[in-house]
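# Have a look; sequence and predicted model below, questions after that.
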Amino acid sequence: MKLIIQIPCYNEEKTLPLVLKSIPKKIPGITEIETLIIDDGSTDKTVAVATKLGANYIIHHKRNKGLARSFTDGLNESLRLGADIIVNTDADNQYPQKDIGRLIEPILKGRADIVIANRQTDKIKHFSPLKKLFQKLGSALVRYISHSNIPDAVSGFRAYSRTAALQLNVVTEFSYVIETIIQSQTKRIAIESINVRTNPPTRPSRLFSNMFEHMRHSGSAIIRVYTMYRPLLVFVITGAFIFLAGFAFGIRYLYFLSLGQSGGHLQSLILSAILMVIGFQTAMTGLVTDLVSINRKLIEDTLGRVKNLELGEIPPLSIRTRKHKRKTIKKELSRGQTGYLLN
């Protein structure tokens, strides 16, 4: 069982050594532990430090491409390198690497394909009360729309099985954390959470300049991702509200009409007609986007099959097997292989 720990980095020469030196050398159930550094356009000595400290692999971006792109590149490269489990951790030493064994345990035991660390933000001393409140509200919103039970939706300390990593396709540019939760629940990927304690802060966050910028980016990511996976629901509900608003103005006009005062309230009638038409068109747009969503799912399924073929996970065509091969094929199917046709 091979574990690859990927670490996205952007100018982390001072904190990266703390992370690399604290990564466990041995974990029960794991035969190989390797590290993958994703250098996202660093201008300091991050690459030199990673090389000196014995990082196994380094991906180098010539310019900064953002956390989501770094995460995706690391995930794809880890798959290509044959990882059975992939752990993503931050280079600022926020997370305790000693807990990697606990983080991957649900995957090793077959209970989950994704495990997300819960930082227990209530216990983080350097978080202000306002930040703790918004963290709670944000995570609660993600839990509600994704129907998951993840208490810390924006935690970057995560473990992915090979099966889960092959199915995920990140499209947002700001961060992957929210999208992967919503996507995993949509695709019925088993997901769990474990509690961890964070290390003291080493530097301010570079992902966002202040809490409100983070809220703005996270909010837009939630809306975009949820609309991508539940377009019919989003557009029909939006269209219904607009239509009902127009209907209310229409009732208002009829009320004044019944009193013989319709002449001065034509604006309500016009606004009612406009809103009801817009509401109806918005709902119809939901039907179109739902068809587009179905097409996207087919494309994702095709992409998953292409990944499997590139990585040698399944044969390119179905194979009609002989009886003496049945046991071997069943064993491979139990490991997630597909593409076999049994007699």
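Right, received. Where do you want to start? No experiment lies behind these values; they were computed from the predicted model shown. Numbers count the residues shown, from 1 in each chain.
# on contacts alone, who are the packing partners of the longest helix along the chain?
Secondary structure of the chain per DSSP state H: the longest helix is helix 266-310. Under the contact criterion of 3 or more Cβ pairs under 8 Å, 6 or more residues apart in numbering; DSSP states H and E, helix 266-310 touches helix 162-167, helix 211-229, helix 231-258. Every residue, glycine included, has its C-beta placed from N, CA and C.
# can you tell which of those helices is closest to Ala50?
helix 162-167 (22.1 Å; Cβ to Cβ).
# Domain map for the chain?
2-227, 231-312, 317-343 (automatic domain parsing).
# Could you look up the SS state of the most far-flung residue of the chain relative to its centre?
Of all residues in the chain, Gly260 sits farthest from the chain's C-alpha centroid, using Cα atoms, centre = their mean; the distance is 58.1 Å. At Gly260 the chain is in coil, as set by DSSP: H, G, I helix; E, B strand; the rest coil.
# And it, how close does it get to Val47?
Noted for Gly260: a distance of 81 Å to Val47, by Cβ to Cβ, to the nearest Å.
# Verify the stated contact: Glu192 with Glu105.
No: counting by Cβ atoms under 8 Å, Glu192 stays clear of Glu105, with 9.4 Å between them.
# joint contacts of these two?
Val115 (Cβ atoms under 8 Å, 6 or more residues apart in numbering).
# And the helices and strands packed on helix 266-310, which one averages the lowest pLDDT?
Per-segment mean pLDDT for the helices and strands packed on helix 266-310 reaches its minimum on helix 211-229, at a mean of 75.
# now what about it, what contacts it?
Under the criterion Cβ under 8 Å, 6+ apart, residues 130-131, 134, 138, 141-142, 145, 154, 171-172, 174-175, 178-179, 182-183, 186, 205, 207-208, 234, 289, 293, 296 lie in contact with helix 211-229.
# okay, stretch 79-89 in CSV with CA atoms only?
Extracted as CSV, the C-alpha positions of stretch 79-89 are listed here (Å, rounded to 0.1, in the frame of the first residue of the first chain):
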residue,chain,number,x,y,z
LEU,A,79,-2.2,8.8,-9.3
ARG,A,80,0.4,8.5,-12.0
LEU,A,81,3.0,7.6,-9.4
GLY,A,82,0.9,4.7,-8.2
ALA,A,83,-0.5,6.1,-4.9
ASP,A,84,-3.1,4.0,-3.2
ILE,A,85,-3.8,6.8,-0.7
ILE,A,86,-3.1,10.5,-1.1
VAL,A,87,-2.9,12.9,1.8
ASN,A,88,-3.0,16.6,1.2
THR,A,89,-1.5,18.9,3.9
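# just how off-centre is that stretch within its chain?
16 Å (Cα atoms, centre = their mean, to the nearest Å).
# Give me the mean pLDDT for that stretch.
94.
# Just the buried positions in that stretch, please.
The neighbour-count check on stretch 79-89 (16 or more other Cβ atoms under 10 Å) flags 79, 83-89 as buried.
# With stretch 283-296 instead?
For stretch 283-296, by 16+ other Cβ under 10 Å, it's 283, 285-286, 289-290, 293, 296.
# contact partners of it?
227-229, 231-236, 239-240, 243.
# Repeat the analysis, applying 7 Å as the threshold.
With Cβ atoms under 7 Å, 6 or more residues apart in numbering as the test, stretch 283-296 has contacts from 231-232, 235-236, 239-240.
# same deal with stretch 191-198?
Residues contacting stretch 191-198 (Cβ under 7 Å, 6+ apart): 94-96, 99, 102-103, 106, 111-112, 114-120, 124, 148, 150-151, 157, 184.
# can you check stretch 95-105 too?
If you take Cβ under 7 Å, 6+ apart as the criterion, stretch 95-105 is touched by 3, 5, 19, 22-24, 27-28, 85, 87, 89, 115, 117, 157, 159, 194, 196-199.
# next one: that stretch to chain centre, how far?
So, by Cα atoms, centre = their mean, the centroid of stretch 95-105 is 20 Å from its chain's centroid.
# What average pLDDT does that stretch get?
94.
# Between the two ends of that stretch, how far is it?
17 Å (Cα to Cα, to the nearest Å).
# Buried residues of that stretch, list them for me.
Applying 16+ other Cβ under 10 Å to stretch 95-105 flags 95-97, 99-105 as buried.
# Reformat those residues as CSV; add distance to Gly264 and secondary structure.
Shown next, in CSV, are the buried residues of stretch 95-105 (distance: Cβ to Cβ, whole Å; DSSP: H, G, I helix; E, B strand; the rest coil):
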residue, distance to Gly264, secondary structure
Tyr95, 65, coil
Pro96, 70, coil
Gln97, 72, helix
Asp99, 70, helix
Ile100, 72, helix
Gly101, 75, helix
Arg102, 71, helix
Leu103, 68, helix
Ile104, 71, helix
Glu105, 72, helix
